[in-house]
Structures are given as structure tokens and as C-alpha cells.
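A.B. asks: Predicted coordinates and the sequence they were generated for:
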Amino acid sequence: MQSIAHFTTPQIPDITDPALTARLQHTLDQKTKPLGSLGRLEALALRLGHILGSTAPALQQPQMLVCAGDHGLAARGVSAFPADVTGQMVHNFLAGGAAVSVLARQHGLALTVVDCGVARAVEPPTAASTAAAQNGTASPPRLLQRRVAAGTQDASCGPAMTPEQCAQALANGQEIVRGLPGNVLLLGEMGIGNTSVASLLLARLGGVDLAACTGAGTGLDTEGIARKRAVLQQALQANAQATSPLQALAALGGFEVATLTGAVLQAAAERRVIVVDGFISSAAVFVASRLQPTVLQRCVFAHRSGEPGHSLMLAQMQAEPLLDWGLRLGEGSGAALAWPLLVSACAILREMASFEAAGVAERLG
């Protein structure tokens, strides 16, 4: 186990179970279809059955967790948008107007937005805005305030967080998940500058060339990307001694990434299905997996982001995403889009008839 300040990484048990694998495969093979004819949907069904420990898995009360925070690096011009957009988008989430808000509402995903360290504290929504966000179809988004500070420090000059701040954010993530119902956690985030954090963590913990894993983020032009890479190189040099996963997270990360890392560790310990969104959410899982590799047994990777670093990060985790649509919005939007595939995979296991039950002849020979 690794520790930082007063945070100790929980042990995540290995859920490998050959007997369950055999039962799940037999269940799928006996469905009224040619062997393997549902392709990757069958692989997804196997994974979900493993995570939930059942040949008839049921996804219950899915929770979309969107963590938000600001970054000192943003002042260095690493994003095409001003830092104020972080807080503005949090208000948009709560008002029901963001992509993740729309998709969560469409699919009945409970949406929790967490202010982990937005520069300007986010005020709770009014009753009128809550009613508008609800739109008569689902519970309205809710805001949790788990502020560690008003944004991180500039990592190009030194550590973004103190060890104590990082430990607090990690513990906040654990505490949030302990309070959420259901057996599924979908990950989302918001923070101007946080593709820089994901690139830095990939470069430091994965040994990937910084130029290869740094992209346009919110839409930088060629000159902007060059400036971003130069700033990130300074950040790596300024934090050269931060080499372990938790040291790197504190030195290079953001409050929202650390909070998500804690959430992932707790969700994995509780054997929840973890639906991973894009580059930044994957960075939180990446750190968690470097602490406890068995975290990855509980993860379903929703999509491959248009950010170049995401493919490299997925490769490091040997992860095969469900969608490849060039998404790069973040927020948890890709996780929400992939959600119906998980519902379908479980339904196939539970509800599709076997050859024997349906009275259908099996393949000859």
C-alpha cells in the first residue's frame, strides 16, 4: 500500500474467478444465436457479469459523478478558454443545459456535481433553476461542496498540491462514493487546463514522450499547442522528484482528478461497475491502477477520446473502449453515451432465451 500524508491506499481484491467465467460463457453460448454473433456485446456482458459476480447482472441506480476544479497552470495559456469557464460550466451542469446534463436526464442517470476546488466557489442552485433542470423526467442534478482550495498552484513552478491537500481530495472522493447508492459509477469532470494534468500524469507515470501525449485540449492552434508543451515540460522539470503515483498526483494533478482517484478506489473496493469517460477521467483511473492494478477489473472504458494522449493511456492500461467517435468534450458525456450498451449487455444475459427454453434447434455438429 502507498500512503501520502494521512491517506492510505485501500486493498482492492482480485475478482478473477474461472468458475464464474465458465458459467457466464456457457450462459452466453446457450442463447438463441450463433456462437459469438453478438461480438463485443458478449465481451461486455462477460465483464459486467464478472464485476457484479453474477450470470444475471443487474445495473442498479447508476450514479454520474462530475468533479470540477481549477488549475494554476491555466494562467500560463495552456487552454483556449479562460479559467472562469470552469465555474460557469458547473452552473450549466446544475441548470440542466450541458451535454452531460441532457444525457444523464435522457438515460435516468443520477447526476452529482462536486466543487472540488473551483476558483470561485459555486453557489447551490435556486429552487427555480433546480425545477428547470429536473424537466419533469428525473431527479435534478445536485451539488456537493468538497473544496480543498480555490484551485491548485501553478505546477510549472512547483507542486500543484501539498501532500495534505492531495490526501484530502482523495478522502473526499472515497467519502462521496460511500454516500452514493447503486452499483454503477460513471466518471466525469470539468476543469479548464485539466488535459494538461492528464498529459503530465501520463508522461510521468507512463514514461510517454510529452510531445506525443499533449494535444489541442479545448481547441488550441498549432502555436498554442507548442506553448502548452513548453509549459508542461517546465512542470515536469519543476517536479522531477515526484515519481511515485501519489507524489505525481499531488505535484502535477488537480483537485478534481485526485477526488476522482479516491472515488475510483472506493468504487472498486465496493465492487461497483466503473464507467470511465475520456482522457481526464482515465487519468484518475490510471493513477488508481498504479496504486492497485485490480482496479482495472472493475472498469468499462466508454470511448477513445480525440485527444492524442488518450489512446496512449488506454494502451498502458490494456483497455479497449466501447466507442471511437472522436469525442473530446469531457464532462462524462462519453460515459453517458455508452451507458445503453451496458444496459443491453446485461439484458442479453438475463432475458435472452436459451435454445432449450425457446425450443430452437442448436447448430448441427
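C.D. replies: Received, thanks. Everything quoted here is computed from the prediction, not taken from an experiment.
A.B. asks: Point out where the stretch 51-200 of the chain drops to low pLDDT.
C.D. replies: Counting by pLDDT under 70, the stretch 51-200 of the chain contains low-confidence ranges at 126-138.
A.B. asks: the helices in it, which residues?
C.D. replies: Taking DSSP state H, counting those that start in this stretch, the helices of the stretch 51-200 of the chain run over residues 84-95, 99-107, 127-134, 163-178, 194-206.
A.B. asks: Same list (these) but as TSV, adding distance to residue 32 and mean neighbour count.
C.D. replies: For the C-beta atoms, the positions are set from N, CA and C on the backbone; glycine is no exception. Rendered in TSV, the data for the helices of the stretch 51-200 of the chain read as follows (distance: least, CB to CB, whole Å; neighbours: other CB atoms under 10 Å):
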stretch	distance to residue 32	mean neighbour count
helix 84-95	43	21
helix 99-107	28	21
helix 127-134	41	14
helix 163-178	38	22
helix 194-206	43	28
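A.B. asks: Of those, which is nearest residue 258?
C.D. replies: Taking CB to CB, helix 163-178 is the member of the helices of the stretch 51-200 of the chain nearest to residue 258, at 3.6 Å.
A.B. asks: Dump the C-alpha coordinates for that closest one into CSV.
C.D. replies: This file holds the C-alpha atoms of helix 163-178, laid out as CSV (Å, rounded to 0.1, in the frame of the first residue of the first chain):
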residue,chain,number,x,y,z
PRO,A,163,0.5,16.2,0.3
GLU,A,164,-2.2,17.2,2.8
GLN,A,165,-4.4,18.7,0.1
CYS,A,166,-4.0,15.7,-2.1
ALA,A,167,-4.9,13.4,0.7
GLN,A,168,-7.9,15.5,1.5
ALA,A,169,-9.1,15.3,-2.1
LEU,A,170,-8.6,11.5,-2.2
ALA,A,171,-10.5,11.1,1.0
ASN,A,172,-13.3,13.3,-0.3
GLY,A,173,-13.7,11.0,-3.3
GLN,A,174,-14.0,8.0,-1.1
GLU,A,175,-16.5,9.7,1.2
ILE,A,176,-18.6,10.8,-1.7
VAL,A,177,-18.9,7.3,-3.2
ARG,A,178,-19.7,5.7,0.2
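A.B. asks: now the end-to-end length of stretch 354-362.
C.D. replies: End-to-end span of stretch 354-362 (CA to CA, to the nearest Å): 10 Å.
A.B. asks: Kindly provide the distance from residue 328 to residue 343.
C.D. replies: Applying CB to CB, to the nearest Å, the value for residue 328 to residue 343 is 25 Å.
A.B. asks: which of those two has more neighbours?
C.D. replies: Neighbours per residue, other CB atoms under 10 Å: of residue 328 and residue 343, the larger number sits with residue 328, 20 against 14.
A.B. asks: which residues does the residue lying closest to residue 139 once chain neighbours are set aside form a beta bridge with?
C.D. replies: Closest residue to residue 139 apart from its sequence neighbours, by CB to CB, 6 or more residues apart in numbering: residue 110 at 5.9 Å. In this entry, residue 110 is beta-bridged to residue 63, by DSSP bridges.
A.B. asks: Give me the buried stretch members for stretch 327-347, please.
C.D. replies: Neighbour counts over stretch 327-347 (16 or more other CB atoms under 10 Å) mark 327-339, 341-342, 345-346 as buried.
A.B. asks: Where helices are concerned, which of those residues count?
C.D. replies: The helices, defined by DSSP state H, take in 333-339, 341-342, 345-346 from those.
A.B. asks: Which stretches in the protein count as strands?
C.D. replies: With strands called from DSSP state E, the chain shows them at 3-4, 7-8, 63-69, 110-117, 142-145, 184-190, 273-276, 299-301.
A.B. asks: Kindly reformat those as TSV containing distance to residue 352 and mean neighbour count.
C.D. replies: As requested, those are exported to TSV (distance: least, CB to CB, whole Å; neighbours: other CB under 10 Å):
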stretch	distance to residue 352	mean neighbour count
strand 3-4	46	16
strand 7-8	44	16
strand 63-69	27	30
strand 110-117	28	27
strand 142-145	36	16
strand 184-190	21	29
strand 273-276	20	27
strand 299-301	20	24
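A.B. asks: mind putting the ones you listed in JSON lines, distance to residue 100 included?
C.D. replies: Shown next, in JSON lines, are the strands of the chain (distance: least, CB to CB, whole Å):
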{"stretch": "strand 3-4", "distance to residue 100": "30"}
{"stretch": "strand 7-8", "distance to residue 100": "28"}
{"stretch": "strand 63-69", "distance to residue 100": "6"}
{"stretch": "strand 110-117", "distance to residue 100": "7"}
{"stretch": "strand 142-145", "distance to residue 100": "14"}
{"stretch": "strand 184-190", "distance to residue 100": "6"}
{"stretch": "strand 273-276", "distance to residue 100": "12"}
{"stretch": "strand 299-301", "distance to residue 100": "17"}
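A.B. asks: Noted, bye for now.
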